[in-house]
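structure of the sequence below:
(2 chains)
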Number of protein chains: 2
Amino acid sequence: MRVAVLGGDGYCGWATALHLSRKWHSVAIVDNFARRQWDHELGVQTLTPILPLADRLRVWQELTGRAIKLFVGDVTDYDFLSTVIRSFEPDAVVHFAEQRAAPYSMIDRKHAVFTQVNNVVGTLNLLFALREFQPDCHLIKLGTMGEYGTPNIDIEEGYITIEHNGRRDTLPYPKQPGSFYHLSKVHDSHNVMFTCKTWDLRATDLNQGVVYGTMTDEVAMGEALINRFDYDEVFGTVLNRFCVQAAIGHPLTVYGKGGQTRGFLDIRDTVRCIEIACLNPADPGEFRVFNQFTEQFSVLDLACLVQAAGKKLGLTVEINHLPDPRVEAQEHYYNAKHSKLIELGLEPHLLSDSLLDSLMNVAMKYRERIDPAVMLPQIDWRQARNQRLRSSREAAPVIQSSLQVVGATNGKNNGKRRGNRRVRAVS
Amino acid sequence: MRVAVLGGDGYCGWATALHLSRKWHSVAIVDNFARRQWDHELGVQTLTPILPLADRLRVWQELTGRAIKLFVGDVTDYDFLSTVIRSFEPDAVVHFAEQRAAPYSMIDRKHAVFTQVNNVVGTLNLLFALREFQPDCHLIKLGTMGEYGTPNIDIEEGYITIEHNGRRDTLPYPKQPGSFYHLSKVHDSHNVMFTCKTWDLRATDLNQGVVYGTMTDEVAMGEALINRFDYDEVFGTVLNRFCVQAAIGHPLTVYGKGGQTRGFLDIRDTVRCIEIACLNPADPGEFRVFNQFTEQFSVLDLACLVQAAGKKLGLTVEINHLPDPRVEAQEHYYNAKHSKLIELGLEPHLLSDSLLDSLMNVAMKYRERIDPAVMLPQIDWRQARNQRLRSSREAAPVIQSSLQVVGATNGKNNGKRRGNRRVRAVS
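You can find the predicted model right below:
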């Protein structure tokens, strides 16, 4: 099977490309290195020292004898994308090539507009390219569990059957996304659903939970293949960040009460879910939605698990409850279905002590690369413009006042004009 | 009350601006004349010879003594829009400034991307400008009944209470939009809802039905104030188009069976609904949705009404069932609630024989301006690229083959590359 992985240089994309390649699929990575660029912009870096993509691909070929094709370009450029589709002729396209951080989208107007335009236009371009040049190709689109928000009823997989005034219909599950990023994924979902109906495209929307972990069987084959490990407040995912904080003796940063409950999964399950989707394509005209996670945890649950794992290693781990920079329910009902991928053969890697140990070991190994300041929240959902600082030296004193603003909550009318871009503080 | 009407040179916008001005509100129009530009692009024109906006505004002031301010610019330009908000300091913003034609959005990829980016970015800019500079201002956002699609249950006003597995919640009503344009409105709705929750903005989303008519009390005050009357396949609304077709003895173009049922309203009710929304603002943090229409009709119902009205005038009116260029249910359940505006005081102008007579009289009066060719559908939802022709002379023979393509329905893989832009045929 010929599979194009858009965004194949990113966290999930890289692990997926290697996994599919090892399983003898013919794989092409399509990437413009935007993810690396955002690190430069934010003044952060992955904990693990990842190699340039060309080097990663060379090592992969040396180790396995399998070549992964590379197309360098931007999916919002239709000439580029349609050329890729016509020349590679994929049987499946896995679409990770979006800006995927909620805090990034909440920095200010430019980042909000960028996120929505980038994600929506990239996906529209892909839909048109498939319709025009590869209409039988299976689109595997990464969505997010965050599209659903936290309704007070069970979350189903994409659709819900509603009885209302004596009639009945199965309709798209109502969406209540919580950031401009999550909104962009909801926009995508509606766009993809429409083209499946109108053009008979076939698509699987994977509403993925929060991913943790860094090792997959393939990544473990060589240090040069190491995957990203993001722990900063913008692109870092919560469990990775907690392990890094524990490893260096910093308090875990729980936002608010920590009762925010979400679906989580190990990156080893991410790559397996994608493979399962590839091997079991949607039908023509079908817009299929799978909830891609394996367990639910509250943020405080995770903090306590990391605290306990730290104790076993002789670490004292404190938990700090910071004012929540996000606008979200801090305690709520949450019960999301996730049986469809299991029915297709997924055998979950549930969160274990050994996984937590291995995450903390990764954090210990690269501890000299850790910048504690980038883990503290600086982007306040209530503000229209956030001034984010980029290094420990300049950020330390400012974060305190930033958090006070967050705590004050009544941010209305505080949005004084500070210039259109994030500015670097004069230290 | 200070009211900014974004898109105030368009069909609904112009009528609204005059109505609010006559009711002694302080009104500003914000427009970039995109709507006039699209007429040039498509090779069509309003049946009624509208004046340039500066002339319209001068006449309005001469007739009534009331000045309407004018800001010329594009709402996707944040510097422009935020300057308008800061200098005019509106109590309410009525946002009509979007690309509003479903067929236009379905021409090809560029028109789809333009429609979504233009509409989404314009609205995001407005949300940020209000948050930063006028946070108590009431946003009155024009949505469309087309956001809901045609579910098999009753359509509520924005939200639906769902009982599911023994629990209950009131959630956003599920959306099933039927074109890239309708999708853009769904994207907007989600974005606006999020900012009401996150920034305490106050917004009313008016999910408007299909508007008909051209006269309001204010427009009737002088020939120079005449409103647009669009009858072409792209921007024309169905009842206006049928009246024009009847007036010149052309068959009414019903798409498919004509069982497509929608909500409709008289433009006199549009302006009154906007006024009611202005006078009864949403609360801070509230995202309120009203379904803005007064009656439901199927397309075939309307065709029969026009046929009967024509008969009274001695006209023989035929009804042609063309292959449906859209992908939509041609027969379906439809029952949409619309009580909230009535509860706030709307007294509907229901569709009457006299209104039909007056529409046909407008069509007769300007019959020398009618181009019959622009009423026939040339934009096929099933194609990724549509080649639209712009005049009777060049279009007549081509439309036949275009319709055959539509009728064939299995358009998949027909999307041969024809160049990125609509091209003018060599006649």
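
what does the helix or strand hosting A:G13 rub up against?
For A:G13, the enclosing helix or strand under DSSP states H and E is helix A:11-22. For helix A:11-22, the surrounding residues in contact (CB atoms under 8 Å, 6 or more residues apart in numbering or on different chains) are A:3, A:5-8, A:27, A:29, A:31, A:35, A:56, A:60, A:64, A:66, A:68, A:94, A:96-97, A:142, A:208, A:211, A:216-219, A:225, A:227-228, A:230, A:267, A:270-272, A:274-275, A:278. From N, CA and C alone the C-beta is placed, and that goes for glycine too.

low-confidence ranges in chain A?
Applying pLDDT under 70 to chain A picks out residues A:390-427.

of the contacts of helix A:11-22, buried ones?
A:3, A:5-8, A:27, A:29, A:31, A:35, A:56, A:60, A:64, A:66, A:68, A:94, A:96-97, A:142, A:208, A:211, A:216, A:218-219, A:225, A:227-228, A:230, A:267, A:270-272, A:274-275, A:278 (16 or more other CB atoms under 10 Å in any protein chain shown).

out of the contacts of helix A:11-22, which sit inside helices?
If you go by DSSP state H, those have A:R35, A:R56, A:W60, A:T64, A:I267, A:T270, A:V271, A:R272, A:I274, A:E275, A:C278 in helices.

and the second one, how far is that from B:V75?
So the one you mean is A:R56. 44 Å (CB to CB, to the nearest Å).

quick check: closest non-adjacent residue to A:P325.
Using CB to CB, 6 or more residues apart in numbering or on different chains and skipping the chain neighbours, the partner closest in space to A:P325 is A:P377 (4.3 Å).

mind checking how far that neighbour is from A:E147?
Distance from A:P377 to A:E147, by CB to CB: 22 Å.

please, which helix or strand holds A:V254?
Counting by DSSP H and E, A:V254 is part of strand A:252-255.

on contacts alone, who are the packing partners of that strand?
The contact analysis (3 or more CB pairs under 8 Å, 6 or more residues apart in numbering or on different chains; DSSP states H and E) places strand A:252-255 against helix A:238-247, helix A:299-312, strand A:319-322.

which outside residues touch it?
Outside strand A:252-255, the residues touching it (CB under 8 Å, 6+ apart) are A:241-242, A:245-246, A:299-300, A:303, A:306-307, A:317-326, A:330, A:375-377.

now do the buried residues in that strand.
Buried-residue list, strand A:252-255, by 16+ other CB under 10 Å: A:L252, A:T253, A:V254, A:Y255.

A:T270 reaches A:V211, doesn't it?
Yes. Applying CB atoms under 8 Å, one finds A:T270 in contact with A:V211, separated by 5.6 Å.

if we can go back for a sec, wait, doesn't the residue nearest to A:P325 sit right on A:N320?
No. Judged on CB under 8 Å, A:P377 makes no contact with A:N320 at a distance of 11.1 Å.

of the two, who's got more company?
Neighbour count, other CB atoms under 10 Å in any protein chain shown: between A:P377 and A:N320, A:P377 has more, with 22 against 13.

which SS class is that one?
coil (DSSP: H, G, I helix; E, B strand; the rest coil).

which ones are touching the closest residue to A:A329 other than its chain neighbours?
If the residues on either side of it in the chain are set aside, A:A329 comes closest to A:T150, at 5.4 Å by CB to CB, 6+ apart. When the contact criterion is CB under 8 Å, 6+ apart, the partners of A:T150 are A:Q176, A:Q260, A:T261, A:E328, A:A329, A:H332, A:Y333, A:Y334.
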